[in-house]
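Asks: okay, here's the prediction I keep looking at, along with the sequence it came from:
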Amino acid sequence: MRILVIPTTDWIRHPVPNRLNFIFDILAEEHDVYVLHFGLKRF
């Protein structure tokens, strides 16, 4: 299965792993997990 993760926060560069890290690390052992990473700029 291919899974696309669209995080609501800056999940990749955050210094403390959250529960999504652990959930998708486990899922990635048997599935393809892709994380959409985009930069947000100030208004």
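Replies: Yes, it's here.

Asks: now do the most centrally placed residue in the chain against residue 42, distance only.
Replies: Note on the chain: the residue nearest the mean C-alpha position is residue 35, at 4.6 Å, using Cα atoms, centre = their mean. For residue 35, the distance to residue 42 equals 23 Å [Cβ to Cβ, to the nearest Å]. C-betas here are computed from N, CA, C, even on glycine.

Asks: lowest-confidence helix or strand of the protein?
Replies: helix 19-27 (a mean of 89; mean pLDDT, DSSP states H and E).

Asks: and after that helix, which helix or strand comes next?
Replies: Where DSSP states H and E defines the elements, the next helix or strand beyond helix 19-27 is strand 32-35.

Asks: for that next one, packing partners?
Replies: strand 2-5, helix 19-27 (3 or more Cβ pairs under 8 Å, 6 or more residues apart in numbering; DSSP states H and E).

Asks: mind saving the C-alpha coords of the longest one as CSV?
Replies: In CSV, the C-alpha atoms belonging to helix 19-27 read as follows (Å, rounded to 0.1, in the frame of the first residue of the first chain):
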residue,chain,number,x,y,z
ARG,A,19,3.4,10.0,17.6
LEU,A,20,3.2,10.2,13.8
ASN,A,21,6.9,9.4,13.6
PHE,A,22,6.3,6.1,15.5
ILE,A,23,3.1,5.2,13.7
PHE,A,24,4.5,5.7,10.2
ASP,A,25,7.9,4.1,11.0
ILE,A,26,6.0,0.9,11.8
LEU,A,27,3.8,1.2,8.7
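
Asks: how close does residue 30 get to residue 6?
Replies: Look at residue 30 and residue 6: by Cβ to Cβ, they are 21 Å apart.

Asks: low-confidence ranges, this structure, go.
Replies: 40, 43 (pLDDT under 70).

Asks: and the residue nearest to the centre of the chain, bridged to which residues?
Replies: In this entry, residue 35 is beta-bridged to residue 5, by DSSP bridges.

Asks: right, and the helices and strands packed on strand 32-35 - which one's nearest residue 11?
Replies: helix 19-27 (6.1 Å; Cβ to Cβ).
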